[in-house]
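In: Sharing a model prediction with you, sequence too.
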Amino acid sequence: MENQLFIYNTLSRKKEAFKPLVPGKVGLYVCGPTVYSNSHLGHARPFITFDLLYRYLTFLGYKVRYVRNITDVGHLEDEVEGTGEDRITKKARLEQIEPMEVVQKYMNTFHRNMDDLNVTPPSIEPRASGHIIEQIQVIKDIQKNGYAYEANGSIYFDVEKYNQKYKYGILSGRNLDDIKTNTRQLDGQSEKKNSFDFALWKKAAPEHIMRWPSPWSDGFPGWHLECSAMSTKYLGEKFDIHGGGMDLTFPHHECEIAQNTASRGEESVQYWMHNNMITINGQKMARSLGNFITLDELFTGKHEILEQAYSPMTIRFFILQAHYRSTIDFSNEALQASEKGLERLMAAVKTLAELKASEQSTVDLAGLEEKCYAALSDDLNSPIAIAHLFDGVKMINSIKAGTESISATDLEELRKFYHTIVFDVLGLKEEQASAGGDNHILAETLELLINLRRDAKANKDWATADKIRDELNEIGIELKDTKDGVEWSLK
Ligand code: ZN
């Protein structure tokens, strides 16, 4: 492949040339959402980042199997300490519904939000609750190799024992001595040997609704286990890329590595990729910190800190305008700048469709395409690729103004290139007119229909006049005859 992709591997802490285990094929696993409340802006980032990766790999000609899980087995509020209420059950109690209703409700919302953001659905979307048997098997393998112990019906991973043979902390760059000094000592009440040991299986308290039988107790799997079990099941014992947010590096992904290694002697993943966080006033946006804005709030503008509604494509473009390993600070100004930039880009794509070819080109296309793809191949540097696209926008506008010219062959090539990179690779799309937007196309189309209806009435063609009014009504637009003429509104 002429376009060698380089990706930053969190494990080696450097950019590496990407070479798949099987030529032409890529196995990609990304940690999906825990479905017990609405997705917020911080959640959109990993899924847009890895959607870009998925789309770019596909563009490069790879056949990608993309697995993204749904966490739905009711983990505890304090995963590290193993205390607190199971988060899904807590929500079910608050909303007075079944835990699986909570899961279904927020999974549906998540899918709708991803669809709005034009995030491609994964090839397989396994749910943790559907893979309890596989998770129990991983525990048995770890136990057989001596890296787990049982206490009162729960099973814990023996980090100290594991660290004697393998190294715990390789991904996050911590070592066990640091972890020891930074964790609280157990108060003697705990059934764990060490406070940094993590649960593989938890015996369920009597009030815990989400529970499954196991050889040790009726209970539920530890949070980290599902990703080990499901990535192996669908991508094999060794696979290419594992992605997720940087906040998952420790403990979640560190524990995944430990589980995989302890159960079969070696790690599965070739490349670990992590996206950085979205901050708001410099602080990470997180549900647990209470400083988040949900995607639905962004799309409708209904949140006290939002000055207006932002369309899903504005959000997508905003995220793509930063490199995935940099933080992005949320602000109305930044989103408004993205909105304007996106409008300019989309307007240029339209202009491109209308351009006329000349005898000769005065523009250099090869340079533009090469630079865009070189940026994306350099660890998915989407902001640089977008900057080059804007250079192209200037070029398109100069051709339109007549200060530059383009040949028929080059015009064809430029159209193909913009179509591929804007729609297929960056995953942007034309948006429908919405009630919040000042969309002049909608307004002008309505003006045209209102005039047609007026003409129909003047010709006493009542059937056509009524048809226009009724059918607009059906799609949610209401026409009102007033003394000053016809007014329209969205219902
Ligand atoms: Zn995971």
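Out: Everything's here; your move.
In: rest of the way, CA atoms for contacts and neighbours
Out: OK.
In: Give me the local confidence score for residue 186.
Out: Here the pLDDT value assigned to residue 186 is 64.
In: Model confidence at the residue in the stretch 101-250 of the chain positioned nearest to the ion, what's the number?
Out: Per Cα to the ion, residue 227 is where the stretch 101-250 of the chain lies closest to the ion, at 4.6 Å. What the model reports as pLDDT for residue 227 is 97.
In: got the contact list for it?
Out: Applying Cα atoms under 8 Å, 6 or more residues apart in numbering to residue 227 gives the contacts 31, 69, 256.
In: ok, and which of those reach the ion?
Out: residue 31 (Cα under 5 Å from the ion).
In: Save the contacts of residue 227 as TSV, and put in pLDDT too.
Out: What follows is these, written out as TSV (pLDDT from 0 to 100):
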residue	pLDDT
31	97
69	97
256	97
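In: Pick out whichever of the contacts of residue 227 sits closest to the ion.
Out: Among the contacts of residue 227, and counting by Cα to the ion, the member closest to the ion is residue 31, at 4.0 Å.
In: Can you give me the distance of residue 361 to residue 15?
Out: 38 Å (Cα to Cα, to the nearest Å).
In: Same drill for these two, tell me which one is more crowded.
Out: residue 361 (17 against 14; other Cα atoms under 10 Å).
In: Report pLDDT for the residue nearest to that one when sequence neighbours are not counted.
Out: Spatially, and ignoring its direct neighbours in sequence, residue 361 is nearest to residue 406 (3.9 Å; Cα to Cα, 6 or more residues apart in numbering). Looking at residue 406, its pLDDT is 96.
In: give the contact list for residue 406.
Out: Counted by Cα under 8 Å, 6+ apart, residue 406 has contacts 357-363, 399.
In: Please flag which of those residues sit within helices.
Out: residue 399 (DSSP state H).
In: Just the buried ones from the contacts of residue 406, in PyMOL syntax?
Out: Here is the PyMOL command that picks out the buried ones among these, judged by 16 or more other Cα atoms under 10 Å:
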select buried, resi 357+358+361+363+399
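In: okay, the contacts of residue 406 in TSV with distance to the ion and pLDDT next?
Out: Output for those, formatted as TSV (distance: Cα to the ion, whole Å; pLDDT from 0 to 100):
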residue	distance to the ion	pLDDT
357	51	95
358	54	95
359	56	94
360	54	93
361	51	93
362	51	93
363	47	91
399	49	96
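In: What is the nearest of the contacts of residue 406 to residue 158?
Out: Set against residue 158, the nearest of those by Cα to Cα is residue 363 (63.7 Å).
In: Phi and psi next, for the closest one.
Out: Residue 363 adopts backbone torsions of phi -110, psi 150, taken as degrees, to the nearest 10.
In: Which strands or helices does whatever helix or strand residue 156 lives in pack on?
Out: Assessed by DSSP states H and E, residue 156 sits inside strand 154-157. Judged by 3 or more Cα pairs under 8 Å, 6 or more residues apart in numbering; DSSP states H and E, the packing partners of strand 154-157 are strand 148-151, strand 199-203.
In: just those strands: most buried one?
Out: Compared across the helices and strands packed on strand 154-157, strand 199-203 shows the largest average neighbour count, a mean of 25 (mean count of other Cα atoms under 10 Å).
In: ok, and what's touching it?
Out: Residues contacting strand 199-203 (Cα under 8 Å, 6+ apart): 82, 139, 152-157, 216-225.
In: Stretch 472-483 too?
Out: With Cα under 8 Å, 6+ apart as the criterion, stretch 472-483 contacts 469, 486-491.
In: List the buried residues for it?
Out: For stretch 472-483, by 16+ other Cα under 10 Å, it's 472, 477-479.
In: what does stretch 142-156 give?
Out: Under 16+ other Cα under 10 Å, the buried positions of stretch 142-156 are 142-143, 147-150, 153-156.
In: now could you export just the CA positions of it as CSV?
Out: The C-alpha coordinates for stretch 142-156 follow below in CSV (Å, rounded to 0.1, in the frame of the first residue of the first chain):
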residue,chain,number,x,y,z
ILE,A,142,-6.9,-17.4,35.1
GLN,A,143,-7.7,-19.5,38.2
LYS,A,144,-6.1,-22.6,36.6
ASN,A,145,-2.9,-20.6,36.0
GLY,A,146,-2.9,-19.5,39.6
TYR,A,147,-3.6,-15.7,39.2
ALA,A,148,-7.0,-15.6,40.9
TYR,A,149,-8.3,-16.4,44.4
GLU,A,150,-11.8,-16.9,45.8
ALA,A,151,-13.2,-15.1,48.8
ASN,A,152,-16.8,-15.6,50.0
GLY,A,153,-18.1,-16.5,46.6
SER,A,154,-16.2,-13.6,44.8
ILE,A,155,-13.1,-14.1,42.6
TYR,A,156,-10.3,-11.6,42.6
